[in-house]
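Asks: dropping a prediction and its sequence here:
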Amino acid sequence: MSSSSESSFDEPEECSVANVAVLNKYKVAGKIADKVAQRVVERCAAGHSVRELCEEADKMIVWLTSSIETGDLRKGVAFPACMSVNNCVCHFSPLENDTDVKLKNGDLIKIDLAVHIDGYIACVGYSHVVGATKKKPASGRKADVVRAAYAALDASMRLIKAGVDNFKVTEVIQKAAEAFQCKPIEGMLSHQLGRNQFEGGKSIILNPNSAQKREHEKSEFAVNEVYALDILVSTGEGKAQEATARTTIHHLNDLAYPLRMKKPVKDFLEQTSEQYGTLCFHLRNVRNHKAARPVIAECVSHGLLTPFPVGYEKDGALVAQFKCTLAVTANGIRLIAGGLPLDMNSYKSDHNIADAGLKGAADGKKPASSWRGRPKKGETFPIEMFKATLPSPKPRGKRYSFAERTETAALVRQYRGSMQWVANYLGVAIRTIKRWIKIKLPIE
């Protein structure tokens, strides 16, 4: 999600999803992103700390990506986990000394994170009302805004294909939100993605005002392009404003450094470039971030860093978000990340969608057949959070995915090493016992 201007963007063919190796990297990153988002949703309960949940999500991403053998390729967090509550629109991920938020039953939370493998980014966003279940569903405006955002995501995914222009998607999102008497957040952008690039040359704008309509460039989707489709819908005025919350997420711009530069600034930029490249980073991961604040402020003022400020709607408003990563193919789209379903029985709205083309998501039906490449039923990433387990046996004739093969190999090596240690230990123990009791056991 961004509101910055567009720039030229031309990705070479070997770095596009037409390359099977690139597509596999996107898929692995997408499965990890979905798994982490699902785990965070399960952990969202009354009394839990937003800061701790964000830190836990980033640690899970690092742990999962480090378990995959990719040689010297970079991998890990592409966008630090954020959790924005109620009228907070986006990018809330506080530091240890910042004001934290403790979740309460009925809070509407938005989870936003991204994972990358070798610079190929998979973004995911999900909304959830704390404590909402089938037996105790969320209702009123909370249910309205969640279902409006989900319906807008589904409807836009049904529309996107090669040759469709971006303003048609903007119109569909607007219609879906208005059916629930909500508004998309004004001026927010869903960008084309590239290797190490969050903001490509094409984008989809939400709820543009007159000036934004004139300035925003019209474009058409093309085969082998990848997009982060980011839907943000509000029950309020549909406008995000910066508040007093500290900005904790930045990314380094791909710009030449000024020749005359202070040594602390130069050292900081070199360290950031080496560790994160042009991907996003959190201040908590910056060495001595308190001392680095003046340096970061200077970098932002000179355009060397791009900040992601925390946005807020007016008090009393509610904001919901759903985000997915998709690739445009010749036959439709392929879902890379953001495939977590919404349980419609947990959100009871008094509004309905009259437009037949938008009814699929509102009724909780499966996405349209144009969702090419949607994960098959039962296909999951083989790592469970904090407990590694081998994937369940596949039917005869079925092949394991790239992610399953690489992760299974790592788990098997770990298993063999553990079993060898146990065997050696037992062998020593048995020989010692035999010497002590001078009895020849039937185990040689």
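Replies: Yes, it's here. None of the values given here were measured: they were computed from a predicted structure.
Asks: show me where pLDDT drops low in the stretch 201-350 of the chain?
Replies: 255-260 (pLDDT under 70).
Asks: likewise the stretch 51-200 of the chain?
Replies: Using pLDDT under 70, nothing in the stretch 51-200 of the chain is flagged.
Asks: my read is that Val145 contacts Gln181, right?
Replies: No. The pair Val145 and Gln181 fails to qualify as a contact (C-beta atoms under 8 Å) at a distance of 9.3 Å. Placement of C-beta: from N, CA and C, glycine included.
Asks: between the two, which contacts overlap?
Replies: Common contact partners of Val145 and Gln181 (C-beta atoms under 8 Å, 6 or more residues apart in numbering): Thr235.
Asks: if you count what's nearby, which of those two comes out ahead?
Replies: Taking other C-beta atoms under 10 Å, Val145 and Gln181 do not tie; Val145 has more neighbours (30 against 14).
Asks: distance of the residue lying closest to the more buried one once chain neighbours are set aside from Asn87?
Replies: If the residues on either side of it in the chain are set aside, Val145 comes closest to Ala320, at 4.4 Å by C-beta to C-beta, 6 or more residues apart in numbering. Ala320 sits 11 Å away from Asn87, going by C-beta to C-beta, to the nearest Å.
Asks: looking at these two, which is more packed in?
Replies: Using other C-beta under 10 Å as the criterion, Ala320 and Asn87 rank with Ala320 on top: 31 against 20.
Asks: which SS class is that one?
Replies: strand (DSSP: H, G, I helix; E, B strand; the rest coil).
Asks: report the beta-bridge partners for it.
Replies: Beta-bridge partners recorded for Ala320 (DSSP bridges): Val233.
Asks: contacts only, for it.
Replies: Residues counted as contacts of Ala320 (C-beta under 8 Å, 6+ apart) are 108, 110, 127, 145-146, 148-150, 232-234.
Asks: Pro184 too?
Replies: So Pro184 contacts 152, 173-174, 177, 206-207, 231-234, 238 (C-beta under 8 Å, 6+ apart).
Asks: of those residues, closest to Glu69?
Replies: Nearest to Glu69 out of those is Ile231 (C-beta to C-beta; 34.9 Å).
Asks: what's the neighbour count on that closest one?
Replies: For Ile231, using other C-beta under 10 Å, the count is 31.
Asks: repeat that for Leu153.
Replies: By the criterion of other C-beta under 10 Å, Leu153 has 25 neighbours.
Asks: go ahead and confirm it touches Leu326.
Replies: No. When contacts are counted by C-beta under 8 Å, Leu153 is not listed as touching Leu326 (10.3 Å).
Asks: what's around the closest residue to Thr133 other than its chain neighbours, how many residues?
Replies: Leaving out its chain neighbours, the residue that sits closest to Thr133 by C-beta to C-beta, 6+ apart is Ser346, at 5.8 Å. Close neighbours of Ser346, defined as other C-beta under 10 Å, add up to 18.
Asks: common neighbours of Leu153 and Leu326, please.
Replies: Counting by C-beta under 8 Å, 6+ apart, the residues touching both Leu153 and Leu326 are 229, 338.
Asks: which residue ranges form the helices in the stretch 201-350 of the chain?
Replies: For the stretch 201-350 of the chain, applying DSSP state H, counting those that start in this stretch gives helices covering 210-215, 263-276, 289-301.
Asks: just the buried positions in the second one, please.
Replies: When neighbours are counted by 16 or more other C-beta atoms under 10 Å, the buried residues of helix 263-276 are found to be 265, 268-269, 272, 276.
Asks: how far off helix 289-301 does that helix point, in degrees?
Replies: Computed by axes from the mean of the first three to the mean of the last three C-alpha atoms, to 10 degrees, the angle separating helix 263-276 from helix 289-301 equals 90 degrees.
Asks: now do the strands in the stretch 1-150 of the chain.
Replies: 75-85, 88-90, 108-117, 120-129, 138-139 (DSSP state E, counting those that start in this stretch).
Asks: so which of these is nearest Gly187?
Replies: Counting by C-beta to C-beta, and looking across all of these, nearest comes strand 88-90 at 11.5 Å.
Asks: given that closest one, what are its sheet partners and their directions?
Replies: Partners of strand 88-90 in its sheet, by DSSP bridges: strand 311-312 (antiparallel).
Asks: any idea how far the nearest residue to Val146 once chain neighbours are set aside lies from Tyr150?
Replies: Distance criterion C-beta to C-beta, 6+ apart; nearest residue to Val146, sequence neighbours excluded, is Ala320 at 4.7 Å. Distance of Ala320 to Tyr150, computed by C-beta to C-beta: 8 Å.
Asks: tell me, what's touching those two both at once?
Replies: Joint contacts of Ala320 and Tyr150 (C-beta under 8 Å, 6+ apart) are Ser127.
Asks: picking that back up, which pair of the contacts of Ala320 spans the longest distance?
Replies: Across the contacts of Ala320, the two members that end up farthest from each other (C-beta to C-beta) are Tyr150 and Ser234, 14.4 Å apart.
Asks: quick check: which element contains Lys175?
Replies: For Lys175, the element it lies in under DSSP states H and E is helix 166-179.
Asks: any idea which helix or strand comes after that helix?
Replies: Immediately after helix 166-179, counting by DSSP H and E, sits strand 183-184.
Asks: and the next helix or strand past that following strand?
Replies: strand 189-193.
Asks: packing partners for that next one?
Replies: strand 203-205, strand 226-234 (3 or more C-beta pairs under 8 Å, 6 or more residues apart in numbering; DSSP states H and E).
Asks: any chance of those in TSV with distance to Gly427 as columns?
Replies: Output for the helices and strands packed on strand 189-193, formatted as TSV (distance: least, C-beta to C-beta, whole Å):
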stretch	distance to Gly427
strand 203-205	64
strand 226-234	53
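Asks: Ala57: which of those is closest?
Replies: Across the helices and strands packed on strand 189-193, the minimum distance to Ala57, taken as C-beta to C-beta, is reached by strand 226-234, at 17.5 Å.
Asks: would you put the C-alpha positions of that closest one in PDB?
Replies: C-alpha atoms of strand 226-234 as PDB (Å, rounded to 0.1, in the frame of the first residue of the first chain):
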ATOM      1  CA  VAL A 226       2.800  -9.700 -10.700                       C
ATOM      2  CA  TYR A 227       0.700  -7.400  -8.500                       C
ATOM      3  CA  ALA A 228       0.100  -6.900  -4.800                       C
ATOM      4  CA  LEU A 229      -3.600  -6.200  -4.800                       C
ATOM      5  CA  ASP A 230      -4.300  -4.200  -1.600                       C
ATOM      6  CA  ILE A 231      -7.900  -3.500  -0.600                       C
ATOM      7  CA  LEU A 232      -8.500  -1.000   2.200                       C
ATOM      8  CA  VAL A 233     -12.100  -0.100   3.100                       C
ATOM      9  CA  SER A 234     -13.500   2.200   5.800                       C
END
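Asks: thanks a lot, catch you later.
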